[in-house]
Every structure is written in structure tokens, then in C-alpha cells.
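# A predicted structure for the sequence below; I have some questions about it.
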Amino acid sequence: QTMLQKQEKDAYPDWQPGTPVPYAALCKTFSLIELTTKRLIIMEYCSKFLRQVMRLTPDDLLPTVLLMINKLAPDYAGIELGIGESLIMKAIGETTGRSLQVIKADQKEIGDLGLVAVKSRSTQPTMFKPKALTVRGVHQGLMSIATVTGNGAQGRKVDGIKKLLSSSDSHLKEKVDINKDKGGPSEAKYIIRFLEGKLRLGLADRTVLVSLAQAVVAHEAEARGKIPTTADLENGESTLKTVYSELPSYDVIIPAMMKHGIANLRDHCKLRPGVPLKPMLAKPTKAITEVLDRFEGQKFTCEYKYDGERAQIHYVAKDADQDLDASTQGSTKKIDSGVACIFSRNSEDLSKKYPDVLEKLSAWVKEDTKSFVLDCETVAWDVTEKKVLPFQQLMTRKRKDVKAEDIKVKVCVFAFDLLYLNGEAVVEKSLRERRELLSTAFVPTEGEFQLATHMNGQELDEIQTFLDESVKASCEGLMVKMLDGKESGYEPSKRSRNWLKVKKDYLSGVGDSLDLVVLGAYYGKGKRTSVYGAFLLACYNPSTDVYETVCNIGTGFSEQVLEDLHTQLSEITIARPKPFYSHSAGGQHQPDVWFEPRYVWEVKTADLTLSPRYKAGWKEGVDPAGEKGISLRFPRFIKIRDDKKPNEATSSRQVAEMYRKQESVTKNKGPSVDDDF
Ligand code: ATP
């Protein structure tokens, strides 16, 4: 312990117990992490640093963890930096007295704006030594950049960045060599990368979570004069993983963990209305026979798969406020009968889009239903014909500031799961039990609130008939779910093999559509010269934090859509591909323009093939030579996925899985996997 303390002191002399964590200390850790690709070593750096924070300045644990995962607050808080490359370049230029042209030229040459900032900063004479940055100061600074609104917001954002940049790197005694060790521990580099939303450390959110658990366990053992056992570490990890999956908010978890200890965390941090959990997801299948193979000998149930928008509805009645923790009240809206909120698939607040649903909530519950969290699909509803309308109708609804009285497209909410009821999480109950609770606690009303249609038959022809009926009822197909036992519990954030999706149009061909990120475009030819005619798309590799290209696409777009896309995408062009884009180097395959990674599109394909031109899944062992990536043949544009962020696009591993499945149709074997990591 004395050695460790000495090391700490030598490395960061200004970091005394109780003083704010120097941002330089965090950046030093970042730079060590950046130089390795080994997950265990990354985890060790990470947990050692967190332990040091706990020992010296526990109050800074929360901002430290947030800066490590490139977030300022939990997703549901809706705090986005919203800063494009041009604004960042402006701030770098103004801080360092270099012209925008020079910065742009540097960016073209170096490719990483973080390093451009370091270079700019190191050519700048320093007149005075600014006050060193601290972790909490940087967090606050970034927060104020993210939250400025109103007139002149852009200018004030630039000012905020300038303020941080001009205080950066004052501790460095030598000039940073941007060509050595990836630019070393420069603060400017990491501030800029944070603003871009990509720290590029290869530090997955999941690794931070596990490192945090390890650090806490070690810290608590140390306080008792003990060394943690492997069992202690495993228990700590599993506790934190479970708690985080039910309550994905470090803002709530970290203070509770420091106060009550990790062993008691589950008693204090439980699923609660107001904090959206990451939804459970399904695995694709290609045939009903595959479903039967998977569930052999176990009871399953089929439900209609509605084609709308996922909605997690949280509600607490007026006379049951004790269910709502003060720390989460900010994310709920007051309604006449209590408080409520609707969250999207990626935990964004949808309440402004569905005021009509919020208004009616209290009419859908029985008198003694005081609080709940429901997993649902909102679907456009034809009031005259009394039936479900296609997804496209739903998309014509405005996203924000909708007034209930102006709504033209009515929606019906189809509830398919219940996660919390009357003060208690029910995720661990079996699906059969949750369904029973659903039917006793709610009052369905046709065209407004209904329970997902289901069928418990286990025979092939019963399922086939039910699938045909679902298609007639304008659904996408079926969801087939484990019905009984522990395995049928709700698994937040997991893509689970206990939920299988059977879509009508992939009963032959590739199992599922893909959600891909638009990275670049090619100018159109002939009729399409004023718009982009084709686009370069990529999947996402969460373990390396890289977008890997997967196809060019020019089919499935109407003229109007092409025009709209041109307008939308012209705003986010960048001078050259980001360093975290992986595409073949060959000159003739480069798109004419590159974009920031912002938009996700749903795409269908005839099949998948290996290609030297693309990089999707090239490290997933599909090509024995490790060179070719996977690409889509005859891709076709389906729709824009507003509800997915680029890092929620189809992952490289999923693309590889689809490719392998196509090669030899394997069964849905193997454990459930976390979707987000
Ligand atoms: P994924 O969520 O699997 O990445 P995705 O968002 O494209 O893919 P789908 O593949 O279409 O969605 O399938 C899952 C989605 O189906 C759920 O997220 C949910 O919105 C919707 N859904 C409709 N009906 C049901 C149901 N009965 N049970 C579960 N999900 C349903």
C-alpha cells in the first residue's frame, strides 16, 4: 500500500487527499489505456485509477466514471453536446491563434482533431501558467457547453471549448510529440475527442462497469484490512451488472454504492419509475422449425410483432409518490393523475411526441394500480376501419411539441410486457406471471390500449396459422418467447435467445434487416446530378469503437427521399474520413464526400458475401486470411431509424453471425449476449 501511495504522489504531486482529481491524472490513465489493446490490462489501469479516486477524492468518482464513458449524464437526461467538426475547429483556431485554414489543413493531414488540438497548442507561446484542470471542472465545463440554449448558443459553446482548451496541458513539461505514443497524455486531445463523442481508447462501457466493481470491492476489502477473494470480485461484478441493467444511471448508483457498500447495493438501487431501462432484444430466426428446435421441450408463447415504435411507459399515481425517488423526478412529466414518462428504445424522452397517450394513461389502469413500467409498441391506428396502419403512417407524426388536439394520426399502444407494478420490480417473475399481472392490473380499450395478441400453441401448423393472421393484421410477424421458469424473466439490455423474432419477409433469405450508419456518399449521375446517388454504409464494432464499411447503396430511394437526404447530409460533411472509419484503402472505392457518423438507416439485403472492398466483421474470423470484410449484395434502403444512435447500429459481430448463419444454418445456440457492449 505504501508503494502504491508513493507512486500516486510521484505521478500527480498536486493530488492530495480531498482535493479535486486532476484531469491530468485521468488523461495519464487514458494514455496508458490507449497504448494497449489487451482488455485485462485496460481493466487493470481503469480499476486502479478508480480505486485511487475512491481513496483520495471519493466525491469525484461520479464525474470520473462519466468522463471515462464519454457521457455527461444518464441517457434519459437527454444531454447532448451537439457539436460538429466545424465548431471544434473554430474553437481550436481561436484558442491557439491559428487561422481556420491552417487548422483545416492540419485536419486533412492528421485526421484526428484531438491531435490537431495538441499540435496547435504546442506551437502556441504560453504567456502565463493557467490553473490546472480538474475532473469535476472539466465535467462542469462540458456540461455547460452541452446545456447552453437560446440566442448565440453556438458562440457560447465555442467560448466554453476555448476556456477548457486554454487551461489544458499546463502541467506538461515537454512538448507533446503527436507522432509518438498516439500523442501521449495530452488533456487537449481528450477534451476534443470527448466533444466529438469518441475517446478512441478501446475502453468499452462494459469494461468501465466491471473495473468499477473491482475497484469498489478492493477498496472495501482494504478498509477491512483484507484482500478480496475471487468470489468477492465475482459477486461484486454480478451485483453491479444486474443493478446497472435495471437502473442504468451512475448518478444514482455511485452515491448509493459509496454510502451502503456494494454488497447492499441491490437493496438501495432497484428498477424504479423515471429511470428507463435498456430494453430486452430478440434474436432473429429464419424459419419456424428453428423456433421449434430452440425451444424443444420448453413451453413458449407467440405474440404479434407490431410494426411501430417501442415505448417504455412509466407511471406513478398521485397518491403513490413514494415509488418515485427524488433523484428521478426530473425525468417524469406531471399529468393530472400523477407523473408519467414515455421512453424510446434508446432511452430518449418521447413524452412530447405522445401527449395523447400520457393524457389517457390513468383510464387504462384498474383502481388499485398505482405505479407501473410497461414495455409496449405504439402503432398508428385507423379509427374508422379499427385496424393497425403501416409504420410509415406513424412516422408522419411530429416528434416534438405535439398538442393533443392537433394530432391527426391516432396511435394504439400494444403492451407486451410489464416490468414494475405497485412499487415492485417484476422482471424476475416468469413471463406467464407477468402476463397475468398485466391482465389483472390494466383495462384494455380498443384502439387506445391493448395487450399484444398471443397464442400458446406449440405445434408447427398452429404457429404458421398465427403468423399468417399476424401478417393479415398488418404486423411484421411474430415474437416467440420463453413462457415459464427463470429463463423467461425479462433480461434488460440483452439480445436474448429467450426471445426470437420471426419476420414474415425473411422466412427465406437473410434473417433480418440491418441498421447501418451512413459514412459517405457519391454524387448522382443522369437525373440525380443535384443529389447524392449512392451512399457508403457501415456497421459498428463496439469493441474497437470503429465503423466498418459494409456496402454501397443506391436502391430503394424515391426522388423525394434523395432530395431530403441531400439536404440533411450536406450539413454534416467532413473534410476526410474520421480515423475511426475502417474502409478499404483503394482509391477508386472512396466516396466523393464523407459525413459525421450520425444517421442510421434500415437496409435489407439479398445475401452476404466476402469482399476485399469492405471491412465489416473482418476481425471476426470469417475470412481465414483476415483481410476481407463482409458486404451486402443488392442492398435496399427501407427507412431512416431515428430511434437508433450510430453506436446502436448492427454490430460487426451480428453481421458476422448473419454471414455464418447463411453459410450453414445453425441453431440459436449460445448464451444471451449484451447488445450494447
Ligand atoms: P433489434 O431491436 O432486434 O435490434 P429492431 O429495433 O430493428 O431490432 P426488430 O428486429 O424489428 O427491431 O424487433 C424487435 C422490436 O419489435 C422491439 O424492439 C419492439 O419494438 C418490437 N415489437 C413489436 N411487437 C413486439 C412484441 N410482441 N414483443 C416484443 N417486441 C415487439
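Ah, there it is. Numbers count the residues shown, from 1 in each chain.
# For the helix or strand hosting Met257, name the packing helices and strands.
Per DSSP states H and E, Met257 falls inside helix 250-260. In terms of contacts (3 or more CB pairs under 8 Å, 6 or more residues apart in numbering; DSSP states H and E), helix 250-260 is packed against helix 61-68, helix 230-246, helix 265-268. Bear in mind the C-beta positions are built from the backbone N, C-alpha and C, glycine included.
# Return the most buried member of these.
helix 61-68 (a mean of 23; mean count of other CB atoms under 10 Å).
# Show me what the helix or strand following that one is packed up against.
Counting by DSSP H and E, the element after helix 61-68 in chain order, helix or strand, is helix 85-96. Applying 3+ CB pairs under 8 Å, 6+ apart, we find helix 85-96 packed against helix 100-110, helix 113-122, helix 153-167, helix 187-196.
# so where do the helices sit in the stretch 501-650 of the chain?
Under the criterion DSSP state H, counting those that start in this stretch, the stretch 501-650 of the chain contains helices at 559-570.
# Pull up the residues of it that are close to the ligand.
The stretch 501-650 of the chain comes close to the ligand at residues Lys501, as judged by CB under 6 Å from any ligand atom.
# same deal with the stretch 201-350 of the chain?
Counting by CB under 6 Å from any ligand atom, the stretch 201-350 of the chain sits next to the ligand at Pro279, Leu281, Ala282, Glu303, Lys305, Tyr306, Arg310, Arg345.
# Next, format the helices and strands packed on helix 250-260 as JSON lines and append mean pLDDT.
Converted to JSON lines, the helices and strands packed on helix 250-260 look like this (pLDDT from 0 to 100):
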{"stretch": "helix 61-68", "mean pLDDT": "98"}
{"stretch": "helix 230-246", "mean pLDDT": "95"}
{"stretch": "helix 265-268", "mean pLDDT": "94"}
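# Adding distance to Pro22, write those helices out as a markdown table.
Formatted as a markdown table, the helices and strands packed on helix 250-260 follow (distance: least, CB to CB, whole Å):
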| stretch | distance to Pro22 |
| --- | --- |
| helix 61-68 | 11 |
| helix 230-246 | 26 |
| helix 265-268 | 29 |
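# closest one to Thr555 among those?
Closest approach to Thr555 among the helices and strands packed on helix 250-260 (CB to CB): helix 230-246, 38.6 Å.
# now the angle from that closest one to helix 250-260?
If you take axes from the mean of the first three to the mean of the last three CA atoms, to 10 degrees, helix 230-246 sits at 140 degrees to helix 250-260.
# Quick one: residues contacting the closest residue to the ligand within the stretch 301-450 of the chain.
When scored by CB to the nearest ligand atom, the stretch 301-450 of the chain has Arg310 as its residue closest to the ligand, at 3.3 Å. Residues near Arg310 by CB atoms under 8 Å, 6 or more residues apart in numbering: Pro279, Ser344, Arg345, Asp375, Cys376, Glu377, Asp643.
# Please repeat the previous calculation with a cut-off of 6 Å.
Counting by CB atoms under 6 Å, 6 or more residues apart in numbering, Arg310 makes contact with Arg345, Glu377.
# would you say it is within a strand?
Yes. With DSSP: H, G, I helix; E, B strand; the rest coil as the criterion, Arg310 is part of a strand.
# In the sheet, which residues pair with it? Tell me.
Glu377 (DSSP bridges).
# For it, give its distance to Pro276.
11 Å (CB to CB, to the nearest Å).
# I'd assumed Ser186 was in contact with Ala117.
No. Under the criterion of CB atoms under 6 Å, Ala117 makes no contact with Ser186, lying 8.0 Å away.
# Among those two, which residue is more densely surrounded?
The neighbour count for Ala117 versus Ser186, taken as other CB atoms under 10 Å, is higher for Ala117 (33 against 26).
# what separates that one from Gly137, distance-wise?
Going from Ala117 to Gly137 by CB to CB gives 18 Å.
# And for Val339?
34 Å.
# Please apply the same query to Thr378.
As judged by CB to CB, Thr378 and Gly137 stand 42 Å apart.
# now Lys360
46 Å.
# residues in contact with Lys639?
Contacts of Lys639 by CB under 6 Å, 6+ apart are Glu602.
# With Phe49 instead?
Here Phe49 is in contact with Thr29 (criterion: CB under 6 Å, 6+ apart).
# can you tell me the helix or strand for it?
Secondary structure from DSSP H and E places Phe49 in helix 39-56.
# If you average the pLDDT over stretch 415-433, what comes out?
For stretch 415-433, the mean per-residue pLDDT is 96.
# ignore the last one, stretch 195-213
Averaging pLDDT along stretch 195-213 gives 92.
# can you check stretch 383-396 too?
Averaged over stretch 383-396, pLDDT sits at 88.
# and if you look at stretch 271-284?
The average of the pLDDT scores along stretch 271-284 is 94.
# So for it, could I get the coordinates as PDB, restricted to C-alpha?
Provided in PDB are the C-alpha atoms of stretch 271-284 (Å, rounded to 0.1, in the frame of the first residue of the first chain):
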ATOM      1  CA  LEU A 271     -35.700  -0.600 -11.100                       C
ATOM      2  CA  ARG A 272     -37.900   2.500 -10.500                       C
ATOM      3  CA  PRO A 273     -40.300   4.600 -12.500                       C
ATOM      4  CA  GLY A 274     -38.500   7.600 -14.000                       C
ATOM      5  CA  VAL A 275     -35.300   5.700 -15.000                       C
ATOM      6  CA  PRO A 276     -35.700   3.900 -18.300                       C
ATOM      7  CA  LEU A 277     -34.000   0.500 -18.600                       C
ATOM      8  CA  LYS A 278     -32.400  -0.700 -21.700                       C
ATOM      9  CA  PRO A 279     -34.900  -2.900 -23.500                       C
ATOM     10  CA  MET A 280     -34.600  -6.700 -23.900                       C
ATOM     11  CA  LEU A 281     -34.000  -7.600 -27.500                       C
ATOM     12  CA  ALA A 282     -34.700 -10.600 -29.700                       C
ATOM     13  CA  LYS A 283     -32.600 -12.900 -31.800                       C
ATOM     14  CA  PRO A 284     -33.600 -13.400 -35.500                       C
END
